[in-house]
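J.: give me a 3D structure for the following:
(one chain, ligands or ions: 2)
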Amino acid sequence: MVGKEAYPTSSQKEFGEKCAVFGLYNRSDHLEVGRITADGLHALQHRGQEGSGIATSDGSTISIHKRKGLVKQVYDDEDPASFNFDLLPGNMAIGHNRYATSSKKSSDCHLQPVIDTEKKLTLVHNGNLPDTEKVEKFLETYGINTSDLNDSEMMHAAILHFKNIGASLDEAVVKAIPLFKGAFSLLAMDNKQIVVARDERGLRPFSIGALNGGYVFSSETCALDAIGARYIRDINPGEMITANENGLRSFEHSRGEQRLDIFEFIYFARPDSVLLGKSVLVARKNLGGMTARETSHSDADIVINVPDSGTPGAIGYAQESGIPYEEGLIKNRYTGRTFQRPGQDRRVSEVLQKLNPVREVLHNKRVIVVDDSIVRGTTSRELVRMLRNAGARKIHMRITSPPVKFPDYYGIDTPDQRALIGAHKSVSEICEYIGADSLEFLSYDGMISAIGLPESMLSTSCFTGDYPIDIGKRREEIVYQKS
Ligand code: 5GP
Ligand code: MG
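T.: Residues are numbered from 1 along each chain as shown. Ligands and ions are numbered 1, 2, ... in the order given. A predicted model of the protein is given here:
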């Protein structure tokens, strides 16, 4: 039986967040699974920059390496004494990039893969279980203290429990899944096999590819491209797949119904990924084009992008409106995503660190600024100030999604509704707050039609408050109800 001592502890309970998962199964060890997994994780760096980890197995022993830092730093093998890929031997691997949301940055105790001290089972998880009551009660019945475990660690403990009482890994996952309420794209690995599972609504993306006779599992398709793998298909909502010496086998662990988080299209996924058969880049350009159709732009000289995530939308807006596209803000390529940094003061100054306006482009211009979303309003407010200082005469903000009004409980960093400016301010109040000359958002219906998928295949909870998987007690956190 596993107790709390089997896991590193922290004083503050955290929940899983939107991260990256990647896995590779191969029958023989002719592929360098550790290195390929590191390359896959590098392609998924945008999904998490706090830390990274890989576990491999050679059929008998699990090896693991995890650390805080960016992928290139975590698997830096220039100094072989501190890390080299020989430390990750075997024919199968799972890996993870972690996306920090907690203000407690000092500890690296929640880095994944999750593993027990005896290294019987290791697991990586992308998503979040808003409601852990069932799994907590279950674990506590067996004397496992859950107070220091996050959701991913509880999933690991539950699967390990079933393994310890004699189940094979795939049987253990099937038995544990009914305890998990929420979003999960997960990979569990013991010394013999990898088991892949996606929640019954498929909230977070997850796809399978083929590489030199082996199989690859990735949060996004861009990582398949980066390692030269061929995309096979998405893992279905409610699907479980085993990868072992018998090849791949697919099972239905729950009846699935696709509800991919629409925010993957709007902001989170890489533009060169394909989600539900749709190019993210094309979807974002269409969101921009639709925004141009729905909003006013007669009083403008140029359209500028807010790099990077606002860029395709700005191009789409410019093409649809016929107003010249310019780069008016230059992004420092060496800064990551700033949004998840804790603490408001730091977040404000990080916008300045990240983006610099080009005076020669902006001076005396009436500017349409296109961004993908407004969450807290901090970025837009800083941007407007920055653009005015650079000489822009008029600043019209256009946002290629509706106002975010509801917190996300499936893995995005918008946990407190009071921090969402769209939850408690009208569009004109937001405009006043950010100091723009005008502000317009894309409509909800416009967003759905621009993406080109039926609304029923998407989770739009951050705009509507309709949560496709019950969020349990966390409903009490919703202070501003649907209007
Ligand atoms: P705001 O300043 O309104 O809080 O944030 C809006 C900006 O943050 C937009 O430029 C958008 O691209 C970006 N953004 C939206 N959601 C996320 C997220 O989940 N993570 C990160 N890093 N940035 C986000
Ligand atoms: Mg942005």
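J.: for ligand 1, what's the nearest residue on the stretch 51-200 of the chain?
T.: residue 99 (8.0 Å; CB to the nearest ligand atom). From N, CA and C alone the C-beta is placed, and that goes for glycine too.
J.: mind listing what residue 272 touches?
T.: Residue 272 makes contacts with 222, 225, 279-281, as judged by CB atoms under 8 Å, 6 or more residues apart in numbering.
J.: 7 Å instead?
T.: With contacts taken as CB atoms under 7 Å, 6 or more residues apart in numbering, residue 272 has the following neighbours: 222, 225, 281.
J.: hang on, the second one in a strand?
T.: No. For residue 225, which was evaluated using DSSP: H, G, I helix; E, B strand; the rest coil, the result is helix, with no strand membership.
J.: rewinding a little: redo the contacts of residue 272 as a markdown table? Include distance to residue 331.
T.: Formatted as a markdown table, the entries for these read as follows, by distance: CB to CB, whole Å:
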| residue | distance to residue 331 |
| --- | --- |
| 222 | 19 |
| 225 | 23 |
| 281 | 17 |
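J.: what does residue 308 show for phi and psi?
T.: For residue 308, the backbone dihedrals are phi -90, psi -30 (criterion: degrees, to the nearest 10).
J.: need the nearest residue in space to the residue of the stretch 1-150 of the chain found nearest ligand 1, chain neighbours excluded.
T.: With CB to the nearest ligand atom as the measure, the residue in the stretch 1-150 of the chain that lies nearest ligand 1 is residue 18; the distance is 6.9 Å. Nearest in space to residue 18, with sequence neighbours left out and distances taken as CB to CB, 6 or more residues apart in numbering, is residue 411 at 3.8 Å.
J.: and the one you found, which of the three is it?
T.: Three-state secondary structure (criterion: three-state DSSP) places residue 411 in coil.
J.: give me the neighbour count for the nearest residue to residue 386 once chain neighbours are set aside.
T.: By the measure of CB to CB, 6+ apart, the closest residue to residue 386 outside its immediate chain neighbours is residue 357, 5.2 Å from it. Close neighbours of residue 357, defined as other CB atoms under 10 Å, add up to 21.
J.: equivalent analysis for the one 10 residues further on, please.
T.: The local packing count at residue 367 equals 27, with neighbours defined by other CB under 10 Å.
J.: what sits against it?
T.: Neighbour list for residue 367: 300, 302, 304, 328, 387, 392, 394-396 [criterion: CB under 7 Å, 6+ apart].
J.: among the contacts of residue 272, which one lies nearest to residue 75?
T.: Distance ranking of the contacts of residue 272 against residue 75, using CB to CB, places residue 222 first at 18.3 Å.
J.: hey, C-alpha coordinates of the helix or strand hosting residue 39 in PDB?
T.: With the criterion set as DSSP states H and E, the secondary-structure element containing residue 39 is helix 33-43. Coordinates of each C-alpha in helix 33-43 appear next as PDB, following Å, rounded to 0.1, in the frame of the first residue of the first chain:
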ATOM      1  CA  VAL A  33      13.200   6.800 -26.900                       C
ATOM      2  CA  GLY A  34      14.500   9.300 -24.300                       C
ATOM      3  CA  ARG A  35      15.900  11.600 -26.900                       C
ATOM      4  CA  ILE A  36      12.900  11.400 -29.200                       C
ATOM      5  CA  THR A  37      10.600  12.100 -26.200                       C
ATOM      6  CA  ALA A  38      12.700  15.200 -25.300                       C
ATOM      7  CA  ASP A  39      12.300  16.400 -29.000                       C
ATOM      8  CA  GLY A  40       8.600  15.800 -28.800                       C
ATOM      9  CA  LEU A  41       8.400  17.700 -25.500                       C
ATOM     10  CA  HIS A  42      10.400  20.600 -27.000                       C
ATOM     11  CA  ALA A  43       7.700  20.900 -29.700                       C
END
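J.: so what's residue 54 bridging to?
T.: With DSSP bridges applied, residue 54 shows beta-bridge pairing to residue 65, residue 95.
J.: ok, it - contacts?
T.: When contacts are counted by CB under 7 Å, 6+ apart, residue 54 touches 34, 37-38, 65, 88, 93, 95.
J.: now swap in residue 256 and tell me
T.: Residue 256 makes contact with 200, 202, 236-239 under the criterion CB under 7 Å, 6+ apart.
J.: check the secondary structure at the residue of the chain most remote from its centre for me.
T.: Ranked by distance from the centre of the chain (CA atoms, centre = their mean), the top residue is residue 364, with 38.6 Å. State at residue 364, reduced to three classes by three-state DSSP: coil.
J.: before we move on, what about residue 318?
T.: helix.
J.: how close does the closest residue in space to it that isn't next to it in sequence sit to residue 227?
T.: In space, and not counting its chain neighbours, residue 318 is closest to residue 325: 3.6 Å by CB to CB, 6+ apart. Residue 325 sits 33 Å away from residue 227, taking CB to CB, to the nearest Å as the criterion.
J.: just residue 282 next, same as before
T.: Distance from residue 282 to residue 227, counting by CB to CB: 23 Å.
J.: more neighbours: those two, which one.
T.: residue 227 (21 against 16).
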